[in-house]
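Engineer: sequence first, then the predicted structure, then my questions.
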Amino acid sequence: MATEHTWIVPATAALALALLPAVLTPYTQDLVVKIEIYAIFALSLELLVGMTGLVSLGHAAFLGIGAYVAVRASGEGGAASLLWLLPAAVLAAAAYAFFVGLLSLRTQGVYFIMVTLAFSQMAYFVFHDTAVGGGSDGIFLYAKPVLAWAGGTWVDLDDRRHLYYAVLAALAFTYALLALIRRSRFGHALAGIHGNEQRMRAAGFATYGYKLAAFVIAGALAGLAGFLLAVKDGAVNPELLSWHESGAVLLMIILGGIGSLRGAVIGAVTFTLLKEFYQSEALLGALAAHWQLTLGFTIIAFVAWLPKGLIGLAGTGAWRRGARSG
Amino acid sequence: MDLATFLVQCLNAVQYGLLLFLVASGLTLIFGIMGVINLAHGSFYMLGAYLAFSLAPLFGSQFLLMLVAGVLLSALFGFVLEWVFFSYIYQREHLQQVLMTYALILVFEEARSLLVGNDVHGVPTPSWLSGSFALGGLMSYPWYRVFASAACIVVALVLYWVVNRTRLGMMIRAGASNRDMVRGLGIDITLLYRVVFAGGVALAALAGMIAAPLSSVYPGMGGSVLIVCFVVVVIGGIGSITGALVASLLVGFVDTFGKVFFAEYSGVGVYLLMAIVLVWRPEGLMKRGY
């Protein structure tokens, strides 16, 4: 196994993505940005599900909170500064993750799935029913944040190209951070908890603290994705926090393959493209109106026949090759 | 708040709680026995409501007969669905079950859209239940709501009797506490699963049918009920029917009085209740009790 070269594929992919805007149409460029944001979101959940073994069905709450804070805190005046707006959004998501994690990590298995779901619904209703969230229509972002320093505007997220590179940088950061966590002592402890929490506790690890730390980091990264999504769309609505969104992101990492960072990214790409494809009237005509039906059956087929996800396909291929040669 | 208003709100809370119980009892049974997280359970509630909408013109004033027909149809539907779909996902991980039943919701919603359309419909209250009775001079309370509560109580009693006093109930209880042992004792677990699943679907659909004249029949109505029922199941303790009953009534009261006292934040109350219960008892009020 050439584990020391695992950075080559992601680095090549990042380089290719950095060169893409030269050839993309505005529509495809927007689509790539959307996919990258969802890849960040999927990666953040992978930290919980794949690395720690905590299945959360309420991850959209943190995405939504990041997005709402981005819009709410920037107000209706001029463009807010990235310097404080981005940390504010991420910290707000992390704070809610801390609160949810504190309570929900007392439970296990199915209870955990349902409790995280319920806490995300709680956040959903706060934004849906109260003046804070502007009701079911959501709110607009009046001016997209900028990074101005020493007289010049260095980053202006209203500029399509600036946004593209900001999102790409955020994705590269998230991927690198998770790859580092994975190799760290912390990451090994999480893997141990995933494998056998009882044994980790017996070995003297305070597993609750480790799980809570993973939960908060995952929430913060989801908040980052939410911030970017709000800036990209220029608006937020409560559906960002709905449990459909939580289900969709869980689906992404399953589709790609649990237990691998690449899987999460591949899953985000596949899911977003599939949805785009099934909703495309140009390609499917009248069937596009019934995209839920086609998407639903596709999901069932994927889970039934590819329980290890798309990355599992590559895995079985490599294993067969290995078996033949050796 | 005067006494009459308080009474009316109490009646509403009980009625809502009991309806929730019908849906949640099936959910908790299916989970407790088959170990399946069924996100599509809310769709069965929706199925019931749309059944009431489609069957009401056929049965006219024969409301009770319509309920019976609806229960039979939905039980049959549940039986077949278990056969062709759910029986294949018992051995899967929870994560995969979540996804497959999530996908099933998409399929059901779209099927509903194709068959009945996306409009909001009303279902008329049966004429013999349409009046209301006076309560404390100024207030009145509709007879249909009384009927809804009474019907739910009857179903709850029947369910209690079946689970605690019959041979089937014995198998259900045994299946909930130790599946492998039940299989080892030579009980046809495949059939047991199928019957329990069909029963759960029928209960949820019955709740949908009873609720149809009270609320309108609309797309996506299963989703909101599903989430509240998850809360009920978690508060009550997974697999416990008594727990589900206690939790349903608790949720009913918290939700109803939350709307009276804190209108804007009422959506949060139920989840707050769940958080408090879980801090106190991480496995619900009644762990493995019946």
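Structural biologist: Yep, it's here.
Engineer: okay, CA-based contacts and neighbour counts for the rest of this
Structural biologist: Noted.
Engineer: low-confidence ranges, the stretch 151-300 of chain A, go.
Structural biologist: A:151 (pLDDT under 70).
Engineer: quick one: the helices in it?
Structural biologist: A:160-183, A:185-202, A:207-233, A:243-256, A:261-278, A:281-284, A:291-305 (DSSP state H, counting those that start in this stretch).
Engineer: what's in contact with stretch A:87-103?
Structural biologist: A:62-63, A:65-70, A:116, A:119, A:212, A:215-217, A:219-224, A:227, B:275, B:278-279 (C-alpha atoms under 8 Å, 6 or more residues apart in numbering or on different chains).
Engineer: try it again with 6 Å
Structural biologist: A:62, A:65-66, A:69-70, A:212, A:216, A:219-220, A:223-224 (C-alpha atoms under 6 Å, 6 or more residues apart in numbering or on different chains).
Engineer: residue A:80 - how many residues pack around it?
Structural biologist: 22 (other C-alpha atoms under 10 Å in any protein chain shown).
Engineer: could you pull up the contacting residues of it?
Structural biologist: A:74, A:145.
Engineer: interface residues of chain A facing chain B?
Structural biologist: By C-alpha under 6 Å from any C-alpha of the partner chain, the part of chain A that sits against chain B consists of A:107, A:122, A:125, A:130, A:292-293, A:296, A:300.
Engineer: now, the most widely separated pair of those?
Structural biologist: A:130 and A:300 (36.5 Å; C-alpha to C-alpha).
Engineer: which one's more surrounded, the two?
Structural biologist: Using other C-alpha under 10 Å as the criterion, residue A:130 and residue A:300 rank with residue A:300 on top: 21 against 16.
Engineer: show me what contacts the more buried one?
Structural biologist: Contacts of residue A:300 (C-alpha under 6 Å, 6+ apart): residue B:100.
Engineer: please apply the same query to residue B:175.
Structural biologist: For residue B:175, counting by C-alpha under 6 Å, 6+ apart, the contacting residues are B:33, B:182.
Engineer: could you say which helix or strand holds it?
Structural biologist: helix B:167-177 (DSSP states H and E).
Engineer: got it, and residue B:140?
Structural biologist: strand B:139-142.
Engineer: ok so, going back, tell me the gap between the helix holding residue B:175 and the middle of its chain.
Structural biologist: 20 Å (C-alpha atoms, centre = their mean, to the nearest Å).
Engineer: what's the average pLDDT for that helix?
Structural biologist: Helix B:167-177 carries an average pLDDT of 84.
Engineer: list the buried residues for the strand holding residue B:140?
Structural biologist: residue B:141 (16 or more other C-alpha atoms under 10 Å in any protein chain shown).
Engineer: and what of stretch A:231-240?
Structural biologist: In stretch A:231-240, counting by 16+ other C-alpha under 10 Å, buried: A:231-232, A:234-240.
Engineer: how about the strand or helix carrying residue B:246 and chain A, any contact?
Structural biologist: If you go by DSSP H and E, residue B:246 is part of helix B:241-261. No - for helix B:241-261, no contact with chain A is found by C-alpha under 6 Å from any C-alpha; the gap never falls below 11.8 Å.
Engineer: from the contact counts, what lies against that helix?
Structural biologist: Here helix B:241-261 touches helix B:3-34, helix B:221-236, going by 3 or more C-alpha pairs under 6 Å, 6 or more residues apart in numbering or on different chains; DSSP states H and E.
Engineer: show me how far the shortest one is from its chain's centre.
Structural biologist: What it means is helix B:221-236. 9 Å.
Engineer: how deep is residue B:274 tucked in, by neighbour count?
Structural biologist: Count around residue B:274 with other C-alpha under 10 Å applied: 23.
Engineer: measure it to chain A for me?
Structural biologist: 8 Å (C-alpha to the nearest C-alpha, to the nearest Å).
Engineer: now do the helix or strand that contains that residue against helix B:221-236, angle only.
Structural biologist: Counting by DSSP H and E, the element that carries residue B:274 is helix B:266-280. When axes from the mean of the first three to the mean of the last three C-alpha atoms, to 10 degrees is applied, the directions of helix B:266-280 and helix B:221-236 differ by 30 degrees.
Engineer: and helix B:266-280, what does it pack against?
Structural biologist: helix A:109-129.
Engineer: what's the mean pLDDT across the helix holding residue B:274?
Structural biologist: The pLDDT scores in helix B:266-280 average 82.
Engineer: stretch A:132-145 too?
Structural biologist: 79.
Engineer: residue A:198: neighbour count?
Structural biologist: 12.
Engineer: sorry, that was for residue A:271
Structural biologist: 23.
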